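Asker: build me a model from this:
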Amino acid sequence: MEYNFESFENDVMRTILENKFEEIDILKEQYRNSQILKREFTGCGFFSNFIVNDTEKKLRFENHNMELSCLGELEEVKDGVGFILFIKDGFIDFLEGYTYGNESWPEEIGKYKLFLVP
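Answerer: Numbers count the residues shown, from 1 in each chain. Predicted coordinates for the structure are as follows:
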């Protein structure tokens, strides 16, 4: 199977957006209509910055800045990986992926599992 980072990243985002709270559907819609502005690999992870049209519906609750996360297991990374989606001013802003234990981010990803932490 050829490595497709965008497909992997989409699986990460779908997992994160399984979090349960009242306005999660707003974030799902923002993601569906977003584009990647920039993606940077850091050696131990990555940052993907999103562009969301400001005409999209934004979160209504008081704290418009928050983080949602999930964890993962990659066969190429011994100690596991984590992901954080940053929400700024009611809109998805960027996704951070990182390895634990200062391991290098793999150049290709084979089998993986993603899961929310209860």
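
Asker: can you map out the helices along this structure?
Answerer: Counting by DSSP state H, the segments of the chain that form helices are 5-16, 24-32.

Asker: any chance of JSON lines for those helices, columns mean pLDDT, mean neighbour count and distance to residue 87?
Answerer: Just so you know, the C-beta spots here come from the backbone N, C-alpha and C atoms, and that holds for glycine as well. Shown next, in JSON lines, are these (pLDDT from 0 to 100; neighbours: other Cβ atoms under 10 Å; distance: least, Cβ to Cβ, whole Å):
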{"stretch": "helix 5-16", "mean pLDDT": "96", "mean neighbour count": "16", "distance to residue 87": "11"}
{"stretch": "helix 24-32", "mean pLDDT": "95", "mean neighbour count": "16", "distance to residue 87": "7"}
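
Asker: for residue 104, find the nearest of those.
Answerer: helix 5-16 (15.2 Å; Cβ to Cβ).

Asker: send over the closest one as CSV, restricted to the C-alpha atoms.
Answerer: Extracted in CSV, the C-alpha atoms of helix 5-16 (Å, rounded to 0.1, in the frame of the first residue of the first chain):
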residue,chain,number,x,y,z
PHE,A,5,-0.4,11.1,4.5
GLU,A,6,-3.6,13.0,3.7
SER,A,7,-5.6,9.8,4.1
PHE,A,8,-3.9,9.1,7.5
GLU,A,9,-4.5,12.7,8.6
ASN,A,10,-8.2,12.4,7.6
ASP,A,11,-8.5,9.3,9.8
VAL,A,12,-6.9,11.2,12.7
MET,A,13,-9.3,14.1,12.3
ARG,A,14,-12.4,11.8,12.0
THR,A,15,-11.2,10.1,15.3
ILE,A,16,-10.7,13.4,17.1
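
Asker: next, the angle from it to helix 24-32.
Answerer: Calculated by axes from the mean of the first three to the mean of the last three Cα atoms, to 10 degrees, helix 5-16 forms an angle of 170 degrees with helix 24-32.

Asker: show me what helix 5-16 is packed up against.
Answerer: Using 3 or more Cβ pairs under 8 Å, 6 or more residues apart in numbering; DSSP states H and E, the elements in contact with helix 5-16 are strand 66-74, strand 81-88, strand 91-99, strand 112-115.
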